[in-house]
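# Following is a predicted model, sequence given first.
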Amino acid sequence: MEFQHVNVKLLVKNAEEVDLEALVPVFHSWIQDQAGDELLLDVADYRHVSAGPGVVLVGHQGNYSLDNTGGRLGVLYNRKAPLKGTNQDRLIQATQAALTACRRLESEPRLDGKVKFNGHEVEIFINDRLLAPNTSQTRAAADREFRAFFSTLFGDAEYAVSYPQDPRSLFGVQVRTSKAFNTAELLDNLNSKALAFHPK
């Protein structure tokens, strides 16, 4: 099966301490700077939605957000534009984007160091119900791809994988590692395998 519209969410720690309002001017500054490979366009504020999308930085190729869907706060990258390459390329691109955004938020002075990756939990899901319906057949077809990717991302560290099975939800996978990683280490793990992928 082909993965497109890959989403990666890095769960944060001390979620109750994070001030989503402070994120709005930060994302506006990212638009002004236009740093990175993607065109950034606007900021959408959904703080009024309980356990919802939070604050979203809208881009042409993908969106970035501090997302609280399901009451699980995390830095989310949502790839919208189709991407050439293999499934591993697309998993790498989306994960690199999420990790890079998380690192920027971790070092942003206006956030007082409160946005921090929790070191253990990553969610990946495919935002395309036609390509990837949330069925047992999809889970069986995708499992090898995900495990190959996690072996690259986490190296020799042990990890546990679970697949949310509600057919009403997007197809995806939740992974938790036994070892605590920081965002720099995970980016290094991807780059060390010479698998970095840069979309055009």
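That came through, no problem.
# so how far is the helix or strand residue 174 falls within from its chain's centroid?
Here residue 174 sits within strand 172-177, counting by DSSP states H and E. Here strand 172-177 is found 12 Å from its chain centre; the criterion is C-alpha atoms, centre = their mean, to the nearest Å.
# List the contacts of that strand.
The list of residues contacting strand 172-177 from outside it, by C-beta atoms under 8 Å, 6 or more residues apart in numbering, reads 7, 119-126, 134, 142, 146, 150, 154, 157-164. Yep, even glycine has a C-beta here, placed from its N, CA and C like the rest.
# which of these count as buried?
Neighbour-count burial (16 or more other C-beta atoms under 10 Å) is assigned, among those, to 7, 119, 121-126, 134, 142, 146, 150, 154, 159, 163-164.
# For residue 16, state which of the residues you listed is nearest.
Among the buried ones among the contacts of strand 172-177, residue 121 lies closest to residue 16 (C-beta to C-beta), at 16.3 Å.
# mean confidence for whichever strand or helix holds that closest one?
Assigned by DSSP H and E, residue 121 belongs to strand 117-126. When pLDDT is averaged along strand 117-126, the result is 97.
# what angle separates that strand from strand 172-177?
160 degrees (axes from the mean of the first three to the mean of the last three C-alpha atoms, to 10 degrees).
# which strands and helices sit next to the next helix or strand after strand 117-126?
Helices and strands here follow DSSP H and E; after strand 117-126, the next one along the chain is helix 136-154. If contacts are counted by 3 or more C-beta pairs under 8 Å, 6 or more residues apart in numbering; DSSP states H and E, helix 136-154 sits against helix 87-106, strand 159-162, strand 172-177, helix 183-192.
# just for this protein, where's the confidence low?
For the chain, the stretches flagged by pLDDT under 70 are 193-200.
# on that earlier part again, ok, residues contacting the strand holding residue 121?
So strand 117-126 is contacted by 3-13, 72, 74-75, 91, 94-95, 102, 106, 132, 146, 153, 170-177, 180-183 (C-beta under 8 Å, 6+ apart).
# again with stretch 105-115
12, 14, 17-19, 22-23, 25-26, 66, 75, 102, 116-117, 183.
# Give me the subset of the residues you listed lying in strands.
Using DSSP state E, the subset of these located in strands is 12, 66, 75, 117.
# will you turn those residues into JSON lines that also has neighbour count and distance to residue 34?
Listed next are these as JSON lines, based on neighbours: other C-beta atoms under 10 Å; distance: C-beta to C-beta, whole Å:
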{"residue": "12", "neighbour count": "24", "distance to residue 34": "25"}
{"residue": "66", "neighbour count": "28", "distance to residue 34": "20"}
{"residue": "75", "neighbour count": "27", "distance to residue 34": "19"}
{"residue": "117", "neighbour count": "24", "distance to residue 34": "24"}
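# And the residues you listed, which two are furthest apart?
Top of the distance list for the ones in strands among the contacts of stretch 105-115 (C-beta to C-beta): 66 and 117, 12.0 Å.
# Now list whatever residues contact both of those two.
Listed as contacting both residue 66 and residue 117 by C-beta under 8 Å, 6+ apart are 12, 75.
# Thanks again, I'm all set now.
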